[in-house]
Structures are given as structure tokens and as C-alpha cells.
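In: Let's see this in three dimensions:
(chains A, B and C)
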Amino acid sequence: MKRVFKPVELIVIAGKTGRVTIKYPFEGPLISQEFRGLIVISPEKCIGCGACVNACPPNALEMLESPDKKILRYYIGRCIFCWRCIDVCPVGAIKGTTEFELATNDFLDLYTYITHSRAHCTCGTGGEPVRMRRYVIEKAPIVENYASKCPDCRKKSLINAVSLRKVGFVGEEARTS
Amino acid sequence: MLCTAITLLAGTSLPVFLDGLERKLKAALQSRIGPPITQTLYDLLKLMIKESKQVHTVPYIILYFTSFISCALTSMFLITLYTITWDFMLFALALSLLMVSLTALTLIPLLIPNPFSYIGGMREVVLSLVNESAFVASVAIYIVSLHFKAGFSTPSTPHLLVVTIPALAIMFTSGYALTGRPPFDIAEAEPELASGVLVEFSGALLALYLYSNLLKRFLVKLFVATMLVTLIAGNGVLSVVLTCLITITLWILFTVISVTLGRSRVDLAPRTLAKYYIGLFIIPIAGLVVLAYG
Amino acid sequence: MEDNTVYINAPREHLVDLASKLFNDFTCSFRTCIGIDERPLNGHFSVTHVFTDDRNSLYVLLKTYAEAEAPRIPSITNVVPAADWCEMEAHDLLGIEFVGRDHYRLVLPPEWPEGVYPLRKDVPYDYRPRVRGVSERLSMSTELGVIPIGPYHPALHEPEYFELYVEGERVVDLKYRGFHVHRGIEKLAESRMNYQQINFLAERICGICGFEHSTCYALAVEKAAKLEVPERAQYIRSIVLEVERIHSHLLWLGVAFHFVGYDAGFMHTWRIREKIMYLAELLTGSRKTYGINLVGGVRKDINEEKKQKTLEVLREVSSEFKQLVEVAINVPQVRRRLVGTGTLPKEYAVKLSVEGPVARASGIDKDARRDLPYAAYKYASFKVPVYGEGDNMARALVRVEEILESISIIEQLLDKIPKGPIMLEDFEIPEGRIGVQVVEAPRGGDVHFVMTGRGRPYRWRVRAPTYSNIPALKIMLKDQPLADAPLTIASIDPCFSCTDRVIVVRSDGRIERLG
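Out: Below is the predicted model:
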């Protein structure tokens, strides 16, 4: 007989739990502090190395190259909010937030651009971002003179330096560099 | 005059708000907030302004709907009058109008020219056949038995045991089944397989259909409430108010029952119900025969 | 023979006999077969059949080669009926012909051009054939009524297409056409992503059981490269796997109640599930698609505070769930509709190698967590529920018990979790190795096969559990009343996204949708 009235116990269960739904846009969303939401890239800290671009699974972060600029583009539409970019960034320029209400009327809002100007070698070639050069100089014990040249010029100046010390003079062809 | 106005007003507007109350109560039992009580009103109003896709049988369908609504409202009015005057003719008229209106509403699915709606409609027709007949028969037996002696009288104890209780049992069950709540909401039950009427109606026609269903629920409960009021046989305004209150209580009770149960299977439901009714009917019929000749 | 994997290279003549011996005499479960285009490596196509010997915890890989021009391999479908679908998939995607059976198009859409085999190495991953869509007609039969379910229907959760042939209210036959959500994941992984990125792709194969796909992939690669993953990472993986299992079973239970009409049960089950979702977010950072798996370990740790919160949540869930199940199973309509419907007898279940709760409800004692232990399961003791009736109620009860067992497993593992690092630093993945791993997903055993290449897998094959369970539907739905059909289809817990997962993606403009 008791089993027949078991279904009515539902009322007891409902009474104990009360109402669990919330009136969402009018009350805050139910997320915890651990929630992975939007990322924010700080333009001051970013050195334009491209580690995040390599790590991003859906290619939301892309590097656009042009002769005088290198632009990091973040497209929210593709982002899966995995925060791998935050893991691999060497300078900690990317911060994660708990924001997820990202809908917008204008799709251009979904793109964020960080522009880096290129630092060229004296011969005119090459071009890593200025900040990346400064970062490398800061982190590694390299003389500025060496770091601001492109690999070809570096090779030539190394040959010049060795030649100067070994032979006492620099050869004709090498002098032009 | 005043009575007519009040009855009509209550009869047309009360079902809508009671349905809103039902949804709120259902939500509370399911641990959620649920829609506001006026939600059903908003739904009906919104449906009226939407475009509707018509089928060629629409004039007949509208005819059936209007006949249902008019018969239902008149029946409501008459049964309310009955609780004031206890005149058997009023009851007889009200009951016949109830039969006409229920039949009209049940036949509507058969007018839709869509083979899948037909499957759902047939399920509903089969279920209604069983339930409607049981409901009408039980109400008839009950009231007729009260009017056996000249005029109306409250039932005596042996009468109570033999006729009232089984008749009320049948009335409750068939009344509940007629309102189309789980476990008997079979027609529209599994829309991925075969749907009933709701698949073809849209716009104002759908609003009309939903409203008719609400009226049907209210009408059925009103009848059951009247039967309960006969047990006290008050007079005048007291009876009307009591009937109204009991109707509302019944609505709430049915809601709670419907939340705690699941949906029965298409072929199981009519068979189980039929067996149950036939079993129960034998008691009052036998009892009446004995009482009449004893 | 290596670790727990046995490699057998079989010449074509002996393939069927060997397969038959493995399947019938040694009662191995057949898991899947994988077609590989090895023409850049050794100029041949190959087909590998994967069996697992559950009682001895062994994987058995049976490999045959076929020549590059018109590859033909004998079909083992006559002795192993479970191999039907995967052979057809190899045929559709690689063009390998199987001798001894008739072929039909399974995975690719009907208008796909003949002769273009997407998984061959010479077809680029963003190849888009110029085709016109063909609309199909519903096969109208004169004696039997035909009821189509899907592919798009507001009441269904995922696209699938069933054609039920009915006589009155009884189903007499069933035709299934799936693979509507076939997305080209395997081709994408082989062409464009590196090892670590594929974890995230694998997670999105399915919305409900994503984490076990990414774990299975990571474990397969680690097996192939013989990496020593830190113990703490394995524990965390097992804990999150069990959290996923609880959430998936609760989801299914709610949906089953909804199908029976008992909406109050649905709401309350999902209310309990909400606590688990919050727990998952606390532990991993996201309610679903957890994104913490990497080859070599995990990305997020469990500290003391999270551990206490987990135990608290699990205690609440356990008591509320037990009370709810008691109430819900006693609702007369739920009982009457679940008991005795959709029966799958044991012989068919064995022949079709069904997986997961479907198998355990038909009397087959099969569970990859116990038979082929992986991650940290060897440190936890748990019971595997097996019922004999094989009807819908048995499948429901198996899942209910599994939830309670999962809660117990998580508590045991949290108790014993060792300290240490959670990620392997500095490792290399050599080329040309093979790793196969079976992980017990909520729906059954999920198989990932990885053949390593340079920087990315050379071949990655996923066989989701629902893949094996759908052919069993034909038997379950025969002679059943029509009203039980949706419930029976739902009772195998179909996850069509898992099943389909491979068709070349039609990208819209520059965006390539992944997975």
C-alpha cells in the first residue's frame, strides 16, 4: 500500500528543495570563479612572439604580416576559451576573465588587433617586433649590437670580428657590410 | 439578469487564470519559478495576432468550435442555475448540452486532412469514447437517483453507500481523464511519431482550440463540483459560491495529481479504464434497482 | 607483443579464420577495424581489426595489407557481424573493397562523387566537390505503414533518420540512415593540427562524453610514445571521467523520464545534475568541454579546498538521488512502460558486440575499467552491475547503479591521490608507433587508434560506443508497439555526434568549424 503513495513523496522533495531557477538577465549568472571566459591581451606587455598563435587549436589568434607591421588578431568568434594561449605566453600578456556574454550586433566588434612595428636591421631586411627584440636583449646576455642585426649581417660582422682579431685586418669584400 | 452576467463572465475568464495557476503550481512542484499566472492570457492574445495557415476544412472546424463554446457556456449557466433552484429540467438540459459540446470537440481531429494528425486524433477519439460515456452516465445516474421521489432531496445513508460513492469515483476518474492531463494526455503525447491536432492549427485557430480545451476542463469540473454540492443542498448564492470554490479546489487537486504521474501507453489506457468503469458501474445500477423496488 | 598489445600480421588468406578464432573460440570482443592509407610509407593499404581479450586484459591487433591499386581484403562480417559498419566506413572513405559481402554507402552522402575517397592522403582536407543536393523520397510501402522519425524533428535531440515500418501499432522493421553530423575530424587532425591541439578537437566530438574522447586520445598517444605520465595526473583524469559519467547518466535518466511523460522526474533529475555541472566547473574551469587534458598530463590541479567541496557535493547528490529514484521508479506509468519493452536477448548482444549499459543489461559482464585498466582505475575497487533481462528497465537500473558506484570511486580516489607533478615536461613522440586505447565512456567502450607521424598523427581513428549499439536497435524494436519506439531508441543513450564524426566539413567562407 505504501508503494502506491510513493509518487506523492515528490511533493515532499519539491518542498525541501524550493525553487532553484533564477531570473537570469535580471539576476547574475551562476558561474564560479574558475570559469574560463574571454581573454584580454595587454598591448603593452605583448612582444609579438607568436607562441599563442602556435598553440591556439581553432586558429582564433592569428598573426597578420605586412612589410612594416606585424599584427596579432584575436577573433572571438573562433575562440574556444581553452586558455592555452595564457599557458604558453612567455611574458604573461594575456589575462583570462570570467566574461562570456559576448553577443554583439556588429561582427567587427569580435576582432581585436594588437599592432607591433617592426625593427629592421641596418641593411633593411628582417623585422621582428621591436618589443620582442627588447625582450630577448633583456632575458639573454646578448649585446644590443648583435641582437639588432639580421642573421646575414650577424654572420658578416662575426666574420669581420674574427678576421680582425686573427689576421689583423678586415678583408675588402667584408668591409662593405 | 445579474446572475447570468456573473456566470458568463466567470465562465469565460476563470478557466484562463486557473490554467495560469496550474502552470505556476506545476513549476513549484518541479522546483522552478515558472511563468506568471497571466501567462495563458498572454499566450492566447499573442496567438490571435499571428498569421495562420488554413486547411480547406476550416469552415467546418470553426463551426464545431463555435458550437462547442456556445453549448459549453449555456451548459455552465444552466448547471449553475440548477444549484440554485434544484429543478430537474435544468439539469437535463445542461447534461444534454454537455454531451453535445464534448462530442463536437472530440470530433474535430477527424476533420483535419493530415494522415499523421489522424493517428493522434483517433487515439483521442477512442479515449474520449470510453471516458465521456462513463462521465455522462455516472452523472446521470447520480442525479436521477436524487430525483426519484417527487422533487429533490438529499441522499439517505444507504443511498449514499450504494450510489453516491461509486458514482463519484467514476466521475472523478473520468472527469480527470477527460481533461487530458497525464496519464491520459495521449493524443499529443509523442510528437515525434504521430501528432494530434496541434500540428495543423496555427494562429487564431490554435488560440480557439486551446481556449476550448480550457473551457472543457472547467465545465467538467463544474459538473463534478455540482454533484458534491448536492450533498449539502444549500440555497441561492451560497450554493453558487460553494460550487465555484470546489471547482477551483478540484483544479488544484488535479494539477497535483498530474505532476506526480507519468504518461500511460496508448493501447493500455482505454483498456484499463474500460475495465475499471464497467466494474464500478455494476454497483450503483444494481443498487438503484434494489432501492426502486424496495 | 608489446605491453598489453598483441600484434598479428596476417596474410589475406588466413584473415577470416583468424578473426573467427579470436571472436568465437577465445570470445574476444570485436571493437573496430581501421583502414589506413600507408602508400607514402610502404606502398600499401592496410586494414587493422582491433579485438580485446577482456578476461586477460589484452588488445589484439590483426593487420592485413592490400596492394595500392584496387585494394581488396576478405570481409569478416560473416563470422563477426559486428564488423559490418566499420568495413563499410573503410570502403566509403578509403576505397578498400571487401570480398564476400555486398557494399552500400554508409558514411558519405548519396550525392558524393564516386571514386573520391576523402581519407586517402592525396585528397586535401578542404576539398569540396561540386555537387547538387539530391532529395530522397520516403520509401512508401503498400502493405505496411511507414513512419519516419527525423532527420530534423523538434522533439529529437540530434539528427538521425529512422524509418519504422508499422502494422497497426506494431513495429515490424526498421531502416536507419545516420551520419548526418559526420564532420571530418579524422582528416582534419591528420592534416592541420599538432599533437596537443588534437586534445581539444577530440573533446568536441561529443557534447556529453567529450572528456573521455580526449582522455582516450591522450592515453593512446602516451601508449604509442611510451610516456610515463605522473600518477597524480592519472588520478585527476579518472576523477573527472567519473564526474562526467555521473552527469551523463543523470542526463539520460531525465530524458527517459521525459519520454515517459513524467516531467517532474525530468526536472528533478536535472536539478541534481546541475550540482554536478557546478562541480565540474569548479574542478576544471568549464561546465562541459573541460579542456584540461594534454598529452603527458593535465592542466589543472585539485587543491585541498576543492577536494572538500567535491566530497560535500557528492554526499548531497548521493542522498538526493537515492530518494528521487525511489519515488520515480514507483510511479506506475514509468514501471509499466519500461519493464518488458525493447528486449535485446543475450546471443544477439554478443554477436553484435554491443557496448556499455546495453551489454551489461543483457547479461554480458563487460567493463573496460575493470578488464583493461587504464588511468588510475586499478587503485579503486568498484562493482560492475549486470542484469539479465535486457529490457529498458534493466538498462535504466544499470545506469542508476553506475552513478552510485561512480560516487564511491571518486571518494576512494580522492582519498588516495598522491602528491607530485601533474604534467610531463620535455618529451618526444617518435614516428611510426601505434597506440590503441579503450576507455569506458558513459555509453560503453570508446576506442582510439593512433599511428604517430611527424608532429601530428599519421592516422587517428575513433570508434564511439553508440556505433556498435545502433545495429542492435533493429532487434530491439521488432514487434514492439509503436509508442515504445522513441523510448527504446533513447534507452541505448544514442550519441549521434559521437557516432558520425567524420565527413569533410563544408566550410562557410574562411571559418573552418572544428569537430
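
In: near chain C, which residues of chain A show up?
Out: On the criterion Cβ under 8 Å from any Cβ of the partner chain, chain C has as its neighbours in chain A the residues A:3, A:6-7, A:9-10, A:13-14, A:17, A:20, A:30-32, A:34-36, A:55-59, A:77-78, A:80-84, A:87. Using the backbone N, CA and C atoms, a C-beta is placed for each residue, glycine as well.

In: So which of the residues you listed sit within strands?
Out: Among the residues of chain A next to chain C, no residue falls in strands (DSSP state E).

In: Okay, and which of those map to helices?
Out: Among the residues of chain A next to chain C, the members falling in helices are A:Glu9, A:Leu10, A:Ile13, A:Ala14, A:Thr17, A:Ala55, A:Arg84, A:Asp87 (criterion: DSSP state H).

In: Tell me the helices and strands packed up against the longest strand along chain A.
Out: Assignment by DSSP E gives strand A:111-119 as the longest strand of chain A. The criterion is 3 or more Cβ pairs under 8 Å, 6 or more residues apart in numbering or on different chains; DSSP states H and E, and the helices and strands that strand A:111-119 contacts are strand A:69-75, strand A:128-129, helix A:130-139.

In: closest one to chain B among these?
Out: Between chain B and the helices and strands packed on strand A:111-119, the shortest separation by Cβ to the nearest Cβ is 36.9 Å, and it involves strand A:69-75.

In: Tell me which residues are up against that closest one.
Out: By Cβ atoms under 8 Å, 6 or more residues apart in numbering or on different chains, the surrounding residues in contact with strand A:69-75 are A:39, A:41, A:46, A:48, A:50, A:52-53, A:60-65, A:110-118, A:127-129.

In: Can you get me a residue count around residue 54?
Out: I went with chain A, as the question did not name one. 15 (other Cβ atoms under 10 Å in any protein chain shown).

In: ah, no, chain C please
Out: Each residue near C:Asp54 was counted by other Cβ under 10 Å, and the total is 20.

In: and if you look at the one 3 residues further on?
Out: As a burial measure, the neighbour count of C:Ser57 was computed by other Cβ under 10 Å and equals 13.

In: do the same with the one 4 residues further on
Out: If you count neighbours by other Cβ under 10 Å, C:Leu61 ends up with 18.

In: Pairing partners for the helix or strand hosting it, with directions?
Out: When secondary structure is defined by DSSP states H and E, C:Leu61 falls within strand C:58-67. Pairing partners of strand C:58-67, with direction, according to DSSP bridges: strand C:5-9 (parallel), strand C:44-53 (antiparallel).

In: Can you tell me how far the residue in the stretch 1-150 of chain C that chain A sits nearest to is from A:Met63?
Out: Chain A sits closest to C:Asp126 of the stretch 1-150 of chain C, with a gap of 13.3 Å, by Cβ to the nearest Cβ. Between C:Asp126 and A:Met63 the distance, using Cβ to Cβ, to the nearest Å, works out to 21 Å.

In: Please list all residues in contact with whatever residue of the stretch 151-294 of chain B ends up closest to chain C.
Out: With Cβ to the nearest Cβ as the measure, the residue in the stretch 151-294 of chain B that lies nearest chain C is B:Arg263; the distance is 2.4 Å. Each residue near B:Arg263 by Cβ under 8 Å, 6+ apart is listed here: B:Pro182, B:Pro183, B:Asp185, B:Ile186, B:Ala189, C:Val260, C:Gly261, C:Tyr262, C:Gln333, C:Arg337.

In: So B:Ile61 sits against B:Glu200, correct?
Out: No - taking contacts as Cβ atoms under 8 Å, B:Ile61 lies outside contact range of B:Glu200: 9.4 Å.

In: what is in contact with those two at once?
Out: Shared between the contact lists of B:Ile61 and B:Glu200 (criterion: Cβ under 8 Å, 6+ apart) are residues B:Val55, B:Ile112.

In: In chain A, which residue is most central in space?
Out: When chain A is reduced to its mean C-alpha position, the closest residue under Cα atoms, centre = their mean turns out to be A:Cys52, at 4.4 Å.

In: Find the residue closest to it in space, skipping its chain neighbours.
Out: Nearest-residue entry for A:Cys52: A:Cys85, 3.6 Å, with adjacent residues in sequence omitted and distances by Cβ to Cβ, 6 or more residues apart in numbering or on different chains.

In: and what of C:Ala490?
Out: Nearest non-adjacent residue to C:Ala490, counting by Cβ to Cβ, 6+ apart: C:Phe259, 5.5 Å away.

In: what's the answer for C:His268, then?
Out: C:Leu324 (5.4 Å).

In: quick one: buried residues of the helix or strand hosting that neighbour?
Out: Secondary-structure element containing C:Leu324, defined by DSSP H and E: helix C:304-329. By neighbour count, with 16 or more other Cβ atoms under 10 Å in any protein chain shown as the criterion, the buried positions of helix C:304-329 are C:306, C:309-310, C:313-314, C:317-318, C:320-321, C:323-325, C:327-329.

In: most tightly surrounded among the strands paired with strand C:58-67?
Out: Across the strands paired with strand C:58-67, averaging neighbours per residue (mean count of other Cβ atoms under 10 Å in any protein chain shown) puts strand C:44-53 on top, at a mean of 23.

In: Against which helices or strands is the host helix or strand of B:Ile61 packed?
Out: In this structure, B:Ile61 is located in helix B:58-85 according to DSSP H and E. The criterion is 3+ Cβ pairs under 8 Å, 6+ apart, and the helices and strands that helix B:58-85 contacts are helix B:2-29, helix B:88-107, helix B:204-229, helix B:237-260.
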